[in-house]
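In: Just a sequence and a predicted model for now, questions to come.
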Amino acid sequence: MAARAPKSAESPASGTPPTVLVMGAGNIGSWLGGCLQAAGARVHLVGRPRMLLALGSHGLTLTDRDGGQVALAADRLQLHDAVPAGLRPDVVLLCVKHGAAASAAAELGAALPPGTLVIALQNGIQAADLAQAAAPALVVLRGMVPFNVAELGPGRLHRGTDGQLAAQTHSGLLPWLPWFDAAGMPLALHDDMLPLQWGKLLLNLNNAVNALSGLPLRAQLLDDDLRQCTAGLVSEALFLLRHAGIKPARVSAVRPGMLPWALRLPTPLFRLVARRMLRIDDQARSSMADDLARGRPTEIDAIQGEVLRLAGRLNQLAPCNARMTQLVRSWSPRSQPISGRSMRKFLNL
Ligand SMILES: NC(=O)c1ccc[n+]([C@@H]2O[C@H](COP(=O)([O-])OP(=O)(O)OC[C@H]3O[C@@H](n4cnc5c(N)ncnc54)[C@H](OP(=O)(O)O)[C@@H]3O)[C@@H](O)[C@H]2O)c1
């Protein structure tokens, strides 16, 4: 079932509501926290000044592609610039970027009781391990957010794609699942998250293509040349995954093994085959596009970098992903968007 902004009339789950701490109130953190709060959970948002100022002045408005809308007034939000002393959350959603996961986890580890459950929701593969190493007394679980959330304005977040939230199985999460259901974003538990994380990573290989193209996600996916670039990146990763014996799970409408084939179809055919994949709002864009626009570090090392590390472990090369990494690293906020044709040329495709 797709995550959606809950209607305010939706009935909350019964029983004592959980206390949820969101570490990293950015796009994903504020979205998940806002949906849970609208469903009745007690949510604390820990964030940085830019977002705290926006939320403190404008409140939080969540919209989604299904027409859902929820608004939380600023005075209903519990905003913090650090983990509040003495808080005993039932669950922590670690929603900082991959590169900040270890330091944020160390802050959590210093402030929260041992055994506190933390779901690491970063794209990429290693964030949960890095967070666990930085906060050994906490229990860090792998998580995965399949949908896209973009900031439309101060305190205004929009979910532009679908998919089911997932986390590693843990009995401590079971009492809180009804609250995720009530929040319109059921949480599926999986014993082994690695196939799902790789399935998501294959899709995230498109983030760099999208960011460098300067186009919204849907428009970018309807460009033949840009799709060829993503297909090249995904084919290379699939080849390595087969060698490594890792079977990526299906996260989108198209099975992982079929992605390069679907992406290489001419646009009219791609539109037909990938109808569900193209159920994307015109406003959706990859968060890497925001990072590049703001001159912030990107997650290229957690995404393309993971493919390069896999290649290294297998004594193989991943030239297409290596070139894409180089392209993103050399980009500056003064750079011009890159056309599909130029990108293909650079990637040797
Ligand atoms: N956005 C999406 O659509 C989407 C979808 C699926 C998965 N994801 C994954 O979810 C993760 C978060 O993405 P996002 O788009 O939500 O990123 P984001 O908007 O940048 O949110 C992260 C927020 O955490 C803040 N932060 C960093 N360290 C912190 C700390 N120690 N304490 C408090 N706040 C801290 C960041 O502030 P600064 O910017 O000042 O560091 C930023 O405001 C990423 O791994 C991303 O790949 C995102």
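Out: Thanks, I have it. Numbers count the residues shown, from 1 in each chain.
In: burial count for residue 113?
Out: Look at residue 113: counted by other Cβ atoms under 10 Å, it has 10 neighbours. Glycine gets a C-beta too; all of them are placed from N, C-alpha and C.
In: for the one 5 residues further on, same thing?
Out: Neighbouring residues of residue 118 were enumerated by other Cβ under 10 Å; the total is 27.
In: again with residue 57
Out: Look at residue 57: counted by other Cβ under 10 Å, it has 10 neighbours.
In: wait, is it part of a strand?
Out: No: judged by DSSP: H, G, I helix; E, B strand; the rest coil, residue 57 forms no part of a strand; its state is helix.
In: Tell me who's in contact with it.
Out: Listed by Cβ atoms under 8 Å, 6 or more residues apart in numbering, the contact set of residue 57 reads 74, 154-155.
In: Run the contact check for stretch 54-70 versus the ligand.
Out: No: Stretch 54-70 is not in contact with the ligand by Cβ under 6 Å from any ligand atom; minimum separation 9.9 Å.
In: in that stretch, what's buried?
Out: Residues 54-56, 59-65, 68, 70 are the ones in stretch 54-70 that count as buried (16 or more other Cβ atoms under 10 Å).
In: and those, which two are the farthest apart?
Out: Pairwise distances across the buried residues of stretch 54-70 peak at 27.3 Å for 56 and 65 (criterion: Cβ to Cβ).
In: ok, the residue in the chain that the ligand sits nearest to to residue 205 distance?
Out: Residue nearest to the ligand within the chain (Cβ to the nearest ligand atom): residue 26, separated by 1.6 Å. Using Cβ to Cβ, to the nearest Å, residue 26 is found at 22 Å from residue 205.
In: What parts of the stretch 101-250 of the chain come near the ligand?
Out: Residues of the stretch 101-250 of the chain lying near the ligand (Cβ under 6 Å from any ligand atom): 103-104, 107, 121-123, 145, 148-149.
In: quick one: which of these is nearest residue 336?
Out: Using Cβ to Cβ, residue 148 comes nearest to residue 336 of these, at 24.2 Å.
In: Report pLDDT for that closest one.
Out: pLDDT, residue 148: 89.
In: One more: residue 44?
Out: Listed pLDDT for residue 44 reads 98.
In: Kindly report the same for the one 5 residues further on.
Out: Looking at residue 49, its pLDDT is 97.
In: list the contacts for it?
Out: Contacts of residue 49 by Cβ under 8 Å, 6+ apart are residue 81.
In: I'd like the buried residues of stretch 54-70 laid out as TSV, including pLDDT and secondary structure.
Out: As requested, these are exported to TSV (pLDDT from 0 to 100; DSSP: H, G, I helix; E, B strand; the rest coil):
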residue	pLDDT	secondary structure
54	98	helix
55	98	helix
56	98	helix
59	98	coil
60	98	strand
61	98	strand
62	97	strand
63	95	strand
64	91	strand
65	83	coil
68	87	coil
70	93	strand
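In: could you dump those residues to CSV with distance to residue 326?
Out: Shown next, in CSV, are these (distance: Cβ to Cβ, whole Å):
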residue, distance to residue 326
54, 34
55, 37
56, 40
59, 42
60, 38
61, 39
62, 37
63, 37
64, 36
65, 34
68, 40
70, 42
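In: With residue 43 as the reference, measure out to residue 73.
Out: Counting by Cβ to Cβ - residue 73 and residue 43 are separated by 14 Å.
In: So which of the two has more stuff around it?
Out: Taking other Cβ under 10 Å, residue 73 and residue 43 do not tie; residue 43 has more neighbours (29 against 10).
In: how many neighbours does the nearest residue in space to that one that is not next to it in sequence have?
Out: Of all residues not flanking residue 43 in the chain, residue 37 sits nearest, at 4.1 Å (Cβ to Cβ, 6 or more residues apart in numbering). The tally of other residues near residue 37 (other Cβ under 10 Å) stands at 25.
In: Which helix or strand contains residue 37?
Out: Following DSSP states H and E, one finds residue 37 within helix 27-38.
In: next SSE after that helix?
Out: That would be, after helix 27-38 and using DSSP H and E, strand 42-46.
In: And that next one, what's buried?
Out: Those buried within strand 42-46 under the rule 16+ other Cβ under 10 Å are 43-46.
In: can you check stretch 218-232 too?
Out: Residues of stretch 218-232 classed as buried: 218, 220-221, 223, 225-232 (neighbour count, 16+ other Cβ under 10 Å).
In: Using JSON lines, lay out the buried residues of strand 42-46 together with distance to the ligand.
Out: Compiled in JSON lines, the buried residues of strand 42-46 are given as follows (distance: Cβ to the nearest ligand atom, whole Å):
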{"residue": "43", "distance to the ligand": "14"}
{"residue": "44", "distance to the ligand": "11"}
{"residue": "45", "distance to the ligand": "9"}
{"residue": "46", "distance to the ligand": "5"}
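In: Show me the helices in the stretch 151-300 of the chain, by range?
Out: 177-182, 194-213, 217-221, 224-244, 259-264, 267-273, 287-293 (DSSP state H, counting those that start in this stretch).
In: Among these, show me which one is buried the most.
Out: Highest mean neighbour count among the helices of the stretch 151-300 of the chain (mean count of other Cβ atoms under 10 Å): helix 194-213, with a mean of 24.
In: That helix versus helix 224-244: what angle between them?
Out: Put simply, helix 194-213 runs at 150 degrees to helix 224-244, going by axes from the mean of the first three to the mean of the last three Cα atoms, to 10 degrees.
In: got the CA positions of helix 194-213 in CSV?
Out: What follows is helix 194-213 as a C-alpha-only set of coordinates in CSV (Å, rounded to 0.1, in the frame of the first residue of the first chain):
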residue,chain,number,x,y,z
LEU,A,194,19.8,-6.4,2.2
PRO,A,195,17.8,-7.4,-1.0
LEU,A,196,15.4,-4.5,-0.5
GLN,A,197,18.2,-2.1,0.1
TRP,A,198,20.0,-3.2,-3.1
GLY,A,199,16.7,-3.0,-4.9
LYS,A,200,16.3,0.6,-3.8
LEU,A,201,19.9,1.4,-4.5
LEU,A,202,19.4,0.3,-8.2
LEU,A,203,16.6,2.9,-8.4
ASN,A,204,18.8,5.5,-6.6
LEU,A,205,21.4,5.1,-9.4
ASN,A,206,19.1,7.4,-11.3
ASN,A,207,19.4,10.2,-8.6
ALA,A,208,22.7,11.5,-10.1
VAL,A,209,21.3,11.4,-13.6
ASN,A,210,18.2,13.3,-12.4
ALA,A,211,20.2,15.8,-10.4
LEU,A,212,22.7,16.7,-13.2
SER,A,213,19.9,16.9,-15.8
